[in-house]
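# Sequence and predicted structure below; questions after.
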Amino acid sequence: MSQNDIEKLIELFKNPKKIVISSHYNPDGDAVGSAMALYHVLKQLNHQVSVIFPNKFPLFLSWIEESERSLIFEQDGASASQVISAADIIFCVDYNSFKRLGEMESLMVKSKAIKVLIDHHPDPEKEHFGFVYHSASASSTAELVYKFLKLTGLHSKINRQVAESLYAGIITDTGSLSFSCNNPDTYIIIAKLIQKGLDAERAHRLIYDDFSENRMRLLGYTIYQKMIVIPEYFTAIIALTIDELARFGYQQGDTEGIVNFPLSMKAINFSVMLVERTDRIRLSFRSKGSFPANIIAARYFEGGGHLNAAGGDSYLSMQETIKRLKEILPQYYDQLNFEIR
């Protein structure tokens, strides 16, 4: 982002505006944390601020203050549409394309509001945004929001609520600081957030130690009964059907993080989780080292993401999707055959 763009944004923020903060379909910790951090800052500047998510976010993020005030497009599309249409500025956080907004896409494309992108996903569609603050090397969008606040002179507005929100984004998008976290900036920012009032231990517990009994039993069932290990290709596959989710009283977010567990095994370098939805199979990919999970997602499953964490969709049946995955793996044997020392 150029100095000229920064100065323009500073000028825009001087007078109260109608501001919308949007994020992607199936919002995760980085999406919710980044959006709510901006919300808490902009409210202090007396802007009229609304946060809109395409669908519900996981329950384990509901502790983030005022997240309950966010609009969920799937539940109240009329109100969300009205707010988007009236917006002067729309922040687009943690997504690189309007395609990631689901049914919100057309409204966002049509909106005449000034659009500000803050994101760390590769290859953003920059032509659709008036201002772009992007870095694919950042640990998370939350890390970029922190830096954006510094660039625009709003760093002084970071209070406990902002700090907690940003921490939630950073810690969840790095797998609790287990990947995409080799930049000293990430740790320096967390230290600064603690100085601003963040209780990191409390926030970590609220994110990771808030399982329902059903979610814990689903995790056990998934690892014991549903994990397919393919040792010759250093890969594990987990697949859950709609009926299996219903059996464990599934709620939004209950499968979050399960895909990471197989990577705890020494000989597994690639993990894939398939979750059946009503209209598709949703795939989550995780990898170790330099194996490109995002390439697999983009090349074969209409998705994308980061080197070690990506997502995609299949419109085949569950069994056909698993078969497709198994057919792909031999092509990547050499890249998968490594040991981290």
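Noted; the coordinates are in hand.
# name the helices or strands packed onto the least confident helix or strand in the chain by mean pLDDT?
Of all helical and strand segments in the chain, the minimum by mean pLDDT, DSSP states H and E falls on strand 304-305, at a mean of 88. Applying 3 or more C-beta pairs under 8 Å, 6 or more residues apart in numbering; DSSP states H and E, we find strand 304-305 packed against helix 293-300, strand 309-314. Heads up, the C-betas are built off the backbone N, CA and C, glycines and all.
# let's see 6 Å
Helices and strands touching strand 304-305, by 3 or more C-beta pairs under 6 Å, 6 or more residues apart in numbering; DSSP states H and E, are helix 293-300.
# So for stretch 261-274, what gets flagged as buried?
Using 16 or more other C-beta atoms under 10 Å as the test for burial, stretch 261-274 gives Phe261, Pro262, Leu263, Ile268, Asn269, Phe270, Ser271, Val272, Met273, Leu274.
# start to end distance for that stretch?
The first residue of stretch 261-274 is 14 Å away from its last residue (C-alpha to C-alpha, to the nearest Å).
# Name the residues that touch it?
The contact list for stretch 261-274 (C-beta atoms under 6 Å, 6 or more residues apart in numbering) reads 234-239, 258-259, 281, 283-288, 291, 321, 336.
# centre of the chain versus it, how much separation?
Taking C-alpha atoms, centre = their mean, to the nearest Å, one finds the center of stretch 261-274 at 20 Å from the center of the full chain.
# Same question for stretch 288-306.
Relative to its parent chain, stretch 288-306 has a centroid offset of 15 Å by C-alpha atoms, centre = their mean.
# Check which residues of that stretch are buried.
For stretch 288-306, by 16+ other C-beta under 10 Å, it's 288, 291-298, 300-301, 303-306.
# With stretch 107-116 instead?
In stretch 107-116, counting by 16+ other C-beta under 10 Å, buried: Leu107, Met108, Ser111, Ala113, Ile114, Lys115, Val116.
# Go through these and flag which are in strands.
Counted as lying in strands by DSSP state E, out of those, are Ile114, Lys115, Val116.
# Nearest to Pro184, out of the buried residues of stretch 107-116: which one, please.
Nearest to Pro184 among the buried residues of stretch 107-116: Val116, at 26.8 Å, using C-beta to C-beta.
# my read: that closest one touches Phe91, true?
Yes. Under the contact definition of C-beta atoms under 6 Å, Val116 touches Phe91, with a separation of 5.0 Å.
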